[in-house]
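Q: Here is a sequence with its predicted model. Questions after.
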Amino acid sequence: MNPVDATFDFLVQSRKDWIASVLQPWCVAAKRVDLCKAADEWGDIAGRVDPNATLWTWAWSRFPALVHEGLPGVDETKEVSVALNDGTTGTGFPDGRQSENGSLVLVSPIPDSGHYGPWSIDDIGSVEVIG
């Protein structure tokens, strides 16, 4: 279709299609360094939306145990086991406030045991819900 002949509804649908077919899948697969670059320009790329609710939630969705449909950021309600690509593991509850810019921090389920991480999204091999 010639862009001059496009209706506003067509433009809106085209943008939604691009977000669903290009932008969201890119976030799921992109390296942390590229995600951070995109976050700096997110208003120009994605519009006036919160990068935590879109870019970072989509990026973390590569590990389904870390996200909850319809909620932004990492899901703090489930205890998870994280396996890093180097064989290191950690168990705890994701800390949404400390897990920023593609780095994951877990809070130990044992009182006064501290935190695990931060781990780059690039270094995480798998995440499983415990229980």
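A: Received the coordinates, thanks. Model, not experiment: these values are computed from the prediction.
Q: Pull the distance from the helix or strand that contains residue 12 to the chain's centre.
A: Taking DSSP states H and E as the definition, residue 12 sits inside helix 8-18. Distance, stretch centre to chain centre, for helix 8-18: 24 Å (CA atoms, centre = their mean, to the nearest Å).
Q: Could you identify the helix or strand that succeeds it?
A: That would be, after helix 8-18 and using DSSP H and E, helix 24-29.
Q: Show me what that next one is in contact with.
A: 35, 38, 54, 55, 58, 59, 61, 62 (CB atoms under 8 Å, 6 or more residues apart in numbering). (Glycine included, C-beta is placed from N, CA and C.)
Q: was I right about the fourth one contacting residue 35?
A: In this case it means residue 55. Yes: assessed by CB atoms under 8 Å, residue 55 is found in contact with residue 35 at 6.5 Å.
Q: Neighbour count: the two, which is higher?
A: residue 55 (24 against 21; other CB atoms under 10 Å).
Q: and the gap between the more buried one and residue 49?
A: Residue 55 sits 9 Å away from residue 49, taking CB to CB, to the nearest Å as the criterion.
Q: same question, residue 41
A: Residue 41 sits 13 Å away from residue 49, going by CB to CB.
Q: Same drill for those two, tell me which one is more crowded.
A: Legend: neighbour count by other CB under 10 Å for residue 41 and residue 49, higher for residue 49 (13 against 10).
Q: which residue packs closest to that one, ignoring adjacent ones?
A: Once flanking residues are discounted, residue 49 sits nearest to residue 42: 7.4 Å by CB to CB, 6 or more residues apart in numbering.
Q: now residue 45
A: Nearest residue to residue 45 in three dimensions, chain neighbours excluded: residue 38, at 6.1 Å (CB to CB, 6+ apart).
Q: List the contacts of that neighbour.
A: 27, 30, 45, 55.
Q: From residue 51, how far out is the third one?
A: Yep, that's residue 45 we're talking about. 9 Å.
Q: Those two: which is more packed in?
A: Between residue 45 and residue 51, counted using other CB under 10 Å, the more crowded position is residue 51 (23 against 16).
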